[in-house]
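**Student:** Mind folding the following:
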Amino acid sequence: MNQRYFVVIRYLVDDIDVGLVAGRCISILHGVLCSKANKYRGIGVAFPQWSSDNLGNEIAFVSSDKSALQFLINQPYFEMMVSDNVFAISCVCIVPNDLPEVRFKRNQNIAKCFTGEKRRRLERAKRRAKERGEIFEPINDYQNREVGIFHRVFMTSKQSGQRYILHIQKELSLSVSDTFTSYGFATNKEYQGSVPDLSSQDPFL
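**Tutor:** All right, here's what the predicted structure looks like:
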């Protein structure tokens, strides 16, 4: 793979909701990647200070396209947050070659384990069975599913204003890939994008 670069955003407010502010940052990334006005692709999201407790007070973006990262952090939202002393943003740095590789994965199966999502899925299945003229026989296939450590990223749809949650997990990766979703994450199957483990890096020194 080509030389990769990263940029880190550090939250300077102690009691900030890291799930909410990460969602705002990812929304900006999503807008950039989905815009027809540019051709930027292959930007991955990392959480350098990820722990079992939370996402940590930093979010990072990784790409082999240095100009894409520079364009991203020059977005008005990031400039405003720096001006208000809420964010500190590092320079765009070269990824060292000796870092372990990890994957931050959006696991949509996790939502299926929660009561509200189960109810919505059952109602949808019941409606479809009725439309087909079939007898509705629900199957509870998520009751005993084991879920590893995950954290929530809170999102709001720009078009509908509807709120939704991204359930994110971290795992080791044995390969390097830049196939990410438009949110900058890997998924269970289709997208296997990976990023360097930046937990040992402090680009603000």
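
**Student:** Give me the pLDDT for I168.
**Tutor:** We have a pLDDT of 97 for I168.

**Student:** Which neighbours in the sheet does the longest strand along the chain have, and how are they oriented?
**Tutor:** Counting by DSSP state E, the longest strand found in the chain is strand 163-172. Within its sheet, and counting by DSSP bridges, strand 163-172 is paired with strand 101-106 (antiparallel), strand 151-156 (antiparallel).

**Student:** Quick check: buried residues in that strand?
**Tutor:** Across strand 163-172, burial judged by 16 or more other CB atoms under 10 Å covers 166-170. Every residue, glycine included, has its C-beta placed from N, CA and C.

**Student:** Now the element after that strand, going C-ward?
**Tutor:** strand 195-196 (DSSP states H and E).

**Student:** Given that next one, what are its sheet partners and their directions?
**Tutor:** Partner strands and pairing direction for strand 195-196 (DSSP bridges) are strand 101-106 (antiparallel).

**Student:** Now the strand it pairs with: average pLDDT?
**Tutor:** In the prediction, strand 101-106 has an average pLDDT of 98.

**Student:** Excluding residues flanking it in the chain, which one is nearest the residue sitting nearest the centre point of the chain?
**Tutor:** Most central in the chain under CA atoms, centre = their mean is F185, positioned 4.8 Å from the mean C-alpha point. Distance criterion CB to CB, 6 or more residues apart in numbering; nearest residue to F185, sequence neighbours excluded, is R106 at 4.2 Å.

**Student:** How far does stretch 49-63 sit from its chain's centre?
**Tutor:** 10 Å (CA atoms, centre = their mean, to the nearest Å).

**Student:** Let me have the strands paired with strand 163-172 in a markdown table, adding mean neighbour count as columns.
**Tutor:** Converted to a markdown table, the strands paired with strand 163-172 look like this (neighbours: other CB atoms under 10 Å):
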| stretch | mean neighbour count |
| --- | --- |
| strand 101-106 | 21 |
| strand 151-156 | 19 |
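
**Student:** Nearest to E79, out of those?
**Tutor:** strand 151-156 (20.5 Å; CB to CB).

**Student:** picking that back up, switch the strands paired with strand 163-172 over to TSV; also include distance to N85.
**Tutor:** Converted to TSV, these look like this (distance: least, CB to CB, whole Å):
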stretch	distance to N85
strand 101-106	27
strand 151-156	23
